[in-house]
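*Asks:* dropping the sequence and predicted coords here.
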Amino acid sequence: MSTAVTTEPPPAAPPRTRPATPAQLDWLAAELPHWRAAGLLDDQTATRILAGYHPSRRFSLASLLLVLGACFVGVGIIWLVASNLDQLPPLTRFIVVSAFWLALLAGGEALAGRREHGGPIPSPVVGAVRIMAALAFGAVVMQAAQSLQVPAYEPQLLAWWGLGALVHAYAVRAAGPLVIGLLSLASWLVWQVSWDSPDALTVLLVLFSAGGVAASVAAVHATRLGTSFRGFSGAWREIGALLSLGALFVAALPFVTADDFSWSTTVVAVLVAAGLAMVASTAFATDNARLEPALALVVAVVGVLLVLWEFGSDLGADFDTGNQVGLEGWAHAAFGVVAYVAAAGWFAVLGVLRDSRRLTFLATAALVVFTTTQAFSVFAAIIQGAWLFLLLGLVFAGTGWLADRARRQLARSLADDAQGAVR
């Protein structure tokens with residue numbers, strides 16, 4: 001008599017959970033009882049929903065250490081290249097650096113493939129390795145320049161580095177190389193235009209145009225390129241805000257004038273390209289994303305007006321020599337302060353709308369630096385000593401109070417709109 005052997009089925013693999021911040025989990029736990037009371041789901045479904053998430057911070061200490069380590073390793077590689085590694089011939093140095101870059105490039109994608117089939121808890125190691133690969137590519141560019149007898153202080157090296165990092169970012173859809181590429185291209189742009197242009201207005205026109213192009217690219221990424229590239233809009237938006245606010249900062253200084261400005265083919269080409277990018281993004285973007293390039297254009301126009309206001313006057317010399325500043329000088333300073341506060345406020349509000357704390361922090365930091373600079377370069381002419389610091393503290397406190405009040409009011413309005421849409 002044979003007995004049937006029964007085998008128990010293998011235990012099912014635990015379902016993969018999604019990461020959520022503690023604040024998000026607290027919100028979800030508070031909302032689930034309301035959904036159960038409204039009859040939208042039962043107790044078992046609510047328990048399964050809550051069990052589908054695990055607590056995770058957006059930027060943990062491990063992530064910070066990994067990113068810092070990746071940056072230090074990448075800078076160390078570039079430093080070794082800059083020191084020429086005299087023990088090795090140029091071709092050997094280039095091969096060694098290129099092999100190291102390729103190993104990091106392949107290793108990052110191998111780790112990414114393992115993560116896709118791995119456990120439920122994501123690891124920031126892949127992002128750190130990709131950042132190291134993007135930085136190592138800069139070492140490859142510099143070593144190739146040394147082998148070709150190109151001076152290390154050429155701005156074009158940053159351009160090639162930035163373009164390579166951008167190709168890497170879009171090929172693997174990674175944010176780390178994108179940030180490296182955008183920072184490299186922005187540094188190249190500032191360096192190159194300052195190197196080639198003898199006048200301030202040309203530099204500002206190029207920087208304003210670049211800020212508008214970045215805002216246009218961000219708007220297209222946010223609405224037209226699908227979910228896979230939607231996360232890239234944040235980096236483009238932040239670099240555009242940095243360029244626009246930086247250019248407006250310089251334009252508002254009293255000693256920046258339009259002296260020695262002359263139209264050139266480069267300036268005209270840059271303005272035309274920026275205009276076409278803004279028009280195209282405004283046409284293709286949807287919802288309120290099309291406002292971003294338009295308001296970047298408004299910031300640029302205001303900055304140019306601030307520079308042209310002093311055309312042919314000696315207002316900047318008055319500030320440099322400490323002479324008494326007239327009514328025109330105070331009007332210019334007041335207009336510059338109001339314009340910069342409005343521009344920084346817009347980018348801070350945009351950070352709230354796009355859920356970007358980095359953009360809000362960038363706008364706030366830019367406002368603090370600008371207010372401090374204006375206080376010591378303009379208002380210090382009549383307000384001195386402790387009174388200047390007292391006034392500056394009151395300005396900071398008042399600006400912070402207004403910014404926080406506007407932020408809370410905006411958040412409340414967005415929440416009310418969302419509830420109204422659900423009803």
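*Replies:* Yes, it's here.
*Asks:* count the neighbours of residue 262 for me.
*Replies:* 9 (other C-beta atoms under 10 Å). All C-beta spots, glycine's among them, are computed from the backbone N, C-alpha and C.
*Asks:* what sits closest to it if chain neighbours are left out?
*Replies:* The shortest distance from residue 262 to any non-neighbouring residue, by C-beta to C-beta, 6 or more residues apart in numbering, is to residue 199 (7.6 Å).
*Asks:* give me the phi and psi angles of the one you found.
*Replies:* The phi/psi pair for residue 199 (degrees, to the nearest 10) reads phi -120, psi 160.
*Asks:* for it, give me its contacts.
*Replies:* 258-262 (C-beta atoms under 8 Å, 6 or more residues apart in numbering).
*Asks:* from the residues you listed, list the buried ones, please.
*Replies:* Those of the contacts of residue 199 that meet the buried threshold are 258, 261, by 16 or more other C-beta atoms under 10 Å.
*Asks:* turn the contacts of residue 199 into TSV, columns for secondary structure, distance to residue 189 and pLDDT.
*Replies:* Formatted as TSV, those follow (DSSP: H, G, I helix; E, B strand; the rest coil; distance: C-beta to C-beta, whole Å; pLDDT from 0 to 100):
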residue	secondary structure	distance to residue 189	pLDDT
258	coil	21	80
259	coil	22	78
260	coil	20	77
261	coil	19	80
262	coil	20	79
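*Asks:* ok, the contacts of residue 199 vs residue 306, which is closest?
*Replies:* Nearest to residue 306 among the contacts of residue 199 is residue 258, at 10.2 Å by C-beta to C-beta.
*Asks:* might one say that the closest one is in contact with residue 307?
*Replies:* Yes. At 5.2 Å, residue 258 counts as touching residue 307 under the criterion of C-beta atoms under 8 Å.
*Asks:* common neighbours of the two, please.
*Replies:* With contacts taken as C-beta under 8 Å, 6+ apart, residue 258 and residue 307 have 200-201 as neighbours in common.
*Asks:* now do the same for residue 111: its pLDDT.
*Replies:* Looking at residue 111, its pLDDT is 81.
*Asks:* now it: closest residue in space, sequence neighbours ignored.
*Replies:* Spatial nearest neighbour of residue 111, excluding adjacent residues (C-beta to C-beta, 6+ apart): residue 126 at 4.8 Å.
*Asks:* a strand runs through that neighbour, doesn't it?
*Replies:* No. Counting by DSSP: H, G, I helix; E, B strand; the rest coil, one finds residue 126 to be helix, located in no strand.
*Asks:* I figured it hits residue 104, correct?
*Replies:* No. Using C-beta under 8 Å, residue 126 makes no contact with residue 104, being 11.4 Å away.
*Asks:* tell me how many other residues surround residue 114.
*Replies:* Residue 114 has 12 neighbouring residues, counting by other C-beta under 10 Å.
*Asks:* element containing it?
*Replies:* helix 90-116 (DSSP states H and E).
*Asks:* go through that helix and flag the buried ones.
*Replies:* For helix 90-116, the neighbour count (16+ other C-beta under 10 Å) marks 93-94, 96-98, 100-101, 104-105, 107-109, 111-112 as buried.
*Asks:* on that earlier part again, just give me the neighbour total for the residue nearest to residue 111.
*Replies:* There are 23 residues near residue 126, going by other C-beta under 10 Å.
*Asks:* just the one 10 residues further on next, same as before
*Replies:* Look at residue 136: counted by other C-beta under 10 Å, it has 24 neighbours.
*Asks:* equivalent analysis for the one 3 residues further on, please.
*Replies:* Residue crowding around residue 139 was assessed by other C-beta under 10 Å; the count is 26.
*Asks:* what strand or helix carries it?
*Replies:* Using DSSP H and E, residue 139 sits in helix 125-147.
*Asks:* report the angle between that helix and helix 90-116.
*Replies:* Using axes from the mean of the first three to the mean of the last three C-alpha atoms, to 10 degrees, the direction of helix 125-147 lies 170 degrees away from that of helix 90-116.
*Asks:* one step back: got the buried residues of helix 90-116 as JSON lines, with distance to residue 31 columns?
*Replies:* As requested, the buried residues of helix 90-116 are exported to JSON lines (distance: C-beta to C-beta, whole Å):
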{"residue": "93", "distance to residue 31": "59"}
{"residue": "94", "distance to residue 31": "58"}
{"residue": "96", "distance to residue 31": "56"}
{"residue": "97", "distance to residue 31": "53"}
{"residue": "98", "distance to residue 31": "53"}
{"residue": "100", "distance to residue 31": "49"}
{"residue": "101", "distance to residue 31": "48"}
{"residue": "104", "distance to residue 31": "43"}
{"residue": "105", "distance to residue 31": "43"}
{"residue": "107", "distance to residue 31": "42"}
{"residue": "108", "distance to residue 31": "38"}
{"residue": "109", "distance to residue 31": "39"}
{"residue": "111", "distance to residue 31": "36"}
{"residue": "112", "distance to residue 31": "34"}
